[in-house]
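Chemist: Got a sequence here, can you build the structure:
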Amino acid sequence: MRKVKNIVVVGVGAMGKGIAQVCLMAGYNVTLVDINDEIIENAVLYIENGLNKLETKGKLPEGLKATDLLVKMKKTTNLSGAVKNADFVIEAIIEKLDIKKITCKEVIDNSPDHCIFASNTSSIRMTDIAEGCGKPENVIGMHFFNPAPLMPLIEIIAGEKSSKEAMDVGVEVGESLPCLRGERYVPRVLTDRPGFIVNRVLAPGRIYSDYIYDLADEKSIPWEQIDADISNPEAPMSTLVLADFVGRDVSLHTAEYYAETLSPDFEPGKLVRKQVAEGKLGKKTGQGFYDWSKGRPKPDLSKKAGIVNPLVYTAIQANEGCRVLEEGICKSWKVIDKAIMAGMNFSGPMKSATKNYKQMAEILEEYSTKLGKPYLKPIKLLKSGKFIDMV
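Modeler: Model (predicted):
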């Protein structure tokens with residue numbers, strides 16, 4: 001296995017700049033690439049500030065200063081030139097398949113034969129991204145969770161043609177990256193299906209969320225009250241703050257992709273389409289569910305709207321967890337729960353499902369009919385409880 005020294009991060013916006021920072025902290029030579037200088041300079045400022053703060057707090061590797069790491073950072077808008085000596089390329093661009101395919105092909109065409117292309121896609125199949133490139137065996141997924149320096153989970157995803165060596169290198173790189181909150185958890189995603197483990201399990205919850213958002217918008221219910229209804233107290237951000245942080249455009253694109261690849265029942269709701277059309281994308285535009293003009297919102301969650309049944313979310317997630325097991329994406333329900341805790345910082349649904357699967361199946365029968373969404377109907381693996389033995 002060739003030792004990785006030079007990493008190129010393509011796309012240094014909200015996710016990419018955090019990925020670049022942890023790559024620098026791990027001691028790699030890191031090149032930042034994006035389509036314009038302004039995005040790159042914003043990323044450089046973010047990384048410089050982040051490393052300086054960590055130095056002040058004594059959280060950098062022993063004996064190292066921020067300046068020692070920053071000298072290993074380069075920047076360019078020239079992708080083909082940036083990857084000439086790359087050992088490993090992490091792509092963190094917009095969640096659009098056609099753009100990712102073009103980027104993958106350009107990297108593979110211009111990089112050394114051993115170079116691994118790792119896409120940070122949150123949902124798109126690796127096989128689709130690798131289609132048309134010269135070395136699909138060198139293409140894997142490397143799905144970080146936001147923000148990359150804080151969230152321990154990195155999913156390593158195999159495409160249909162990904163080599164074992166590429167997967168091994170991906171796991172090795174992932175495990176080498178420091179995490180400021182807990183230890184890295186780097187599970188392998190064994191079957192190339194949309195959403196992988198965590199996002200796949202959580203994805204169908206958006207069907208119920210869109211129903212709630214559209215209802216709240218129609219009835220002019222304050223977003224703070226909806227946020228209070230649906231937020232998990234274990235999570236570091238409330239649900240709607242996180243939705244703004246990720247970007248409403250990202251949510252729209254992801255829902256459209258799931259609607260194409262999993263079920264038409266994922267078709268985005270009216271509100272998210274309206275938000276995107278009006279440019280209310282969340283943090284990146286200063287307005288989404290909340291106003292971000294004065295920094296991160298701090299919603300008052302003391303009053304609930306009372307229109308959300310939280311058990312529906314858990315039941316939907318457990319049902320999708322059973323689909324993940326059924327499709328061979330991973331082999332153990334414990335991996336699902338551990339991945340969700342590492343990636344989202346709240347408990348997964350599967351342990352609860354081992355005791356409550358019959359009640360969950362009843363809830364899903366009711367709500368699949370109420371929402372007119374047959375995808376939410378309980379599958380046999382959940383109804384039977386046989387997933388319990390898959391540990």
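
Chemist: all contacts plus neighbour counts: C-alpha atoms, from now on.
Modeler: Fine.

Chemist: gap between stretch 36-49 and the chain center?
Modeler: For stretch 36-49, the gap between its own C-alpha mean and the chain's C-alpha mean amounts to 22 Å (Cα atoms, centre = their mean, to the nearest Å).

Chemist: any idea how far the residue sitting furthest away from the middle of the chain lies from Gly182?
Modeler: Largest separation from the mean C-alpha position in the chain: Gly63, at 32.8 Å (Cα atoms, centre = their mean). Separation of Gly63 from Gly182 (Cα to Cα, to the nearest Å) stands at 22 Å.

Chemist: ditto for Ala86
Modeler: For Ala86, the distance to Gly182 under the criterion Cα to Cα works out to 29 Å.

Chemist: And Ile93, by the same measure?
Modeler: Between Ile93 and Gly182 the computed distance is 26 Å (Cα to Cα).

Chemist: what's near enough to touch Phe117?
Modeler: Neighbour list for Phe117: 88-91, 104, 107-108, 138-140 [criterion: Cα atoms under 8 Å, 6 or more residues apart in numbering].

Chemist: now do Leu177
Modeler: Residues 22-23, 25-26, 184 are the ones in contact with Leu177 under the rule Cα under 8 Å, 6+ apart.

Chemist: can you put the residues you listed in CSV and add distance to Lys373 and secondary structure?
Modeler: Listed next are these as CSV, based on distance: Cα to Cα, whole Å; DSSP: H, G, I helix; E, B strand; the rest coil:
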residue, distance to Lys373, secondary structure
Val22, 41, helix
Cys23, 42, helix
Met25, 46, helix
Ala26, 45, coil
Arg184, 36, coil
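
Chemist: from those, which single one is nearest Ile99?
Modeler: Within the set of those, Cys23 lies nearest Ile99; the separation is 23.8 Å, counting by Cα to Cα.

Chemist: Now that that closest one has come up, it's in contact with Val30, right?
Modeler: Yes: taking contacts as Cα atoms under 8 Å, Cys23 lies within contact range of Val30: 6.9 Å.

Chemist: intersection of neighbour lists for those two?
Modeler: With Cα under 8 Å, 6+ apart applied, the overlap between the contact sets of Cys23 and Val30 consists of Ile7.

Chemist: ok, back up a step: among Ala86 and Gly182, which residue is more densely surrounded?
Modeler: Neighbours were counted for Ala86 and for Gly182 using other Cα atoms under 10 Å; Ala86 has more, 25 against 12.

Chemist: helix/strand/coil for the more buried one?
Modeler: Here Ala86 takes the coil state, with states given by DSSP: H, G, I helix; E, B strand; the rest coil.

Chemist: how about it, what does it touch?
Modeler: Contacts for Ala86 (Cα under 8 Å, 6+ apart) come out as 6-8, 111-112, 115.

Chemist: Would you reformat these as JSON lines and include secondary structure?
Modeler: Below are the contacts of Ala86 laid out as JSON lines (three-state DSSP):
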{"residue": "Asn6", "secondary structure": "strand"}
{"residue": "Ile7", "secondary structure": "strand"}
{"residue": "Val8", "secondary structure": "strand"}
{"residue": "Ser111", "secondary structure": "coil"}
{"residue": "Pro112", "secondary structure": "coil"}
{"residue": "Cys115", "secondary structure": "coil"}
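
Chemist: For those, please prepare TSV with the additional fields distance to Thr56 and pLDDT.
Modeler: Formatted as TSV, the contacts of Ala86 follow (distance: Cα to Cα, whole Å; pLDDT from 0 to 100):
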residue	distance to Thr56	pLDDT
Asn6	27	98
Ile7	26	98
Val8	27	98
Ser111	37	98
Pro112	38	97
Cys115	35	97
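
Chemist: Among those residues, pick out the one closest to Ala43, please.
Modeler: The nearest member of the contacts of Ala86 to Ala43, counting by Cα to Cα, is Val8 at 13.7 Å.

Chemist: Quick check: mean pLDDT of the helix or strand Val169 falls within?
Modeler: Counting by DSSP states H and E, the element that carries Val169 is helix 164-176. Averaging pLDDT along helix 164-176 yields 96.

Chemist: I'd like the next helix or strand past that helix.
Modeler: Sequence order places strand 188-189 as the next helix or strand after helix 164-176, per DSSP H and E.

Chemist: Which elements pack onto that following strand?
Modeler: When contacts are defined as 3 or more Cα pairs under 8 Å, 6 or more residues apart in numbering; DSSP states H and E, strand 188-189 packs onto strand 154-158.
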